[in-house]
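> my questions are about this predicted structure, shown below with the sequence.
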Amino acid sequence: MKIRFLTYISGENKDFTVGEEEEFTDDAAHRMIVRELAEPTNKKIYTDYLKKLSEEKLLQEENEQKATALLHAKELKEKREHHQAQIDEITHALGDGATYYKSYVALAEDLAKKESTKNENSNDSKKDDLSQESKGK
């Protein structure tokens, strides 16, 4: 990118005077423009360069966010595995693994069977009560 110097600058190999124009790499030119040592000779080229920088920065931020999300996901998976191991230990200690590892459907069926058995037992005890009352009369 070609820039025009706004101030006198002395370099290792060359001195630049006010108003002198010189071609530099885009990055070097940008650093001097930002420090107000020079100005771009072509505003459109400089504007395009700034857009490119902005896009690169956005892409870098997106990539950093993705990397952070991946790291966080890994941490969450590790936590889940740790907690699952603790649950497995507790389940084993309590001896209720058969119930714990059943699917919700199987648990619902077991509950329905228990309710059915409970109702049958309740009906049987009512019949027994009625038969004993009738014997007692």
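Nice, I can see it.

> need the mean per-residue confidence for the lengthiest helix in the chain.
Longest helix in the chain, counting residues (DSSP state H): helix 43-94. Mean pLDDT, helix 43-94: 88.

> so which elements touch it?
Judged by 3 or more Cβ pairs under 8 Å, 6 or more residues apart in numbering; DSSP states H and E, the packing partners of helix 43-94 are helix 26-34. Where you see a C-beta, it was placed from the backbone N, CA and C, and this is true even at glycine.

> for the helix it packs on, what is the distance to the chain centroid?
36 Å (Cα atoms, centre = their mean, to the nearest Å).

> can you pull the buried residues of that helix?
29-30, 32-33 (16 or more other Cβ atoms under 10 Å).

> next SSE downstream of it?
Where DSSP states H and E defines the elements, the next helix or strand beyond helix 26-34 is strand 38-40.

> for that next one, give me every contacting residue.
1-6, 29, 32-33, 46 (Cβ atoms under 8 Å, 6 or more residues apart in numbering).

> now do stretch 2-14
15-24, 29, 32-33, 36-42, 45.

> restricted to buried residues, select those residues in ChimeraX.
Selection of buried members from the contacts of stretch 2-14 for ChimeraX, criterion 16+ other Cβ under 10 Å:
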select :16,22,29,32,33,38,40
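
> would you turn the contacts of strand 38-40 into TSV with distance to Gln84?
Shown next, in TSV, are those (distance: Cβ to Cβ, whole Å):
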residue	distance to Gln84
Met1	57
Lys2	63
Ile3	61
Arg4	66
Phe5	66
Leu6	65
Ala29	57
Met32	58
Ile33	57
Tyr46	57
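
> report the buried members of these.
For those, buried by 16+ other Cβ under 10 Å: 1, 3, 5, 29, 32-33, 46.

> in a markdown table: these, plus distance to Thr68.
Shown next, in a markdown table, are these (distance: Cβ to Cβ, whole Å):
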| residue | distance to Thr68 |
| --- | --- |
| Met1 | 34 |
| Ile3 | 37 |
| Phe5 | 42 |
| Ala29 | 33 |
| Met32 | 34 |
| Ile33 | 32 |
| Tyr46 | 33 |
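
> buried sites along stretch 57-70?
Using 16+ other Cβ under 10 Å as the burial criterion, none of the residues of stretch 57-70 qualify.
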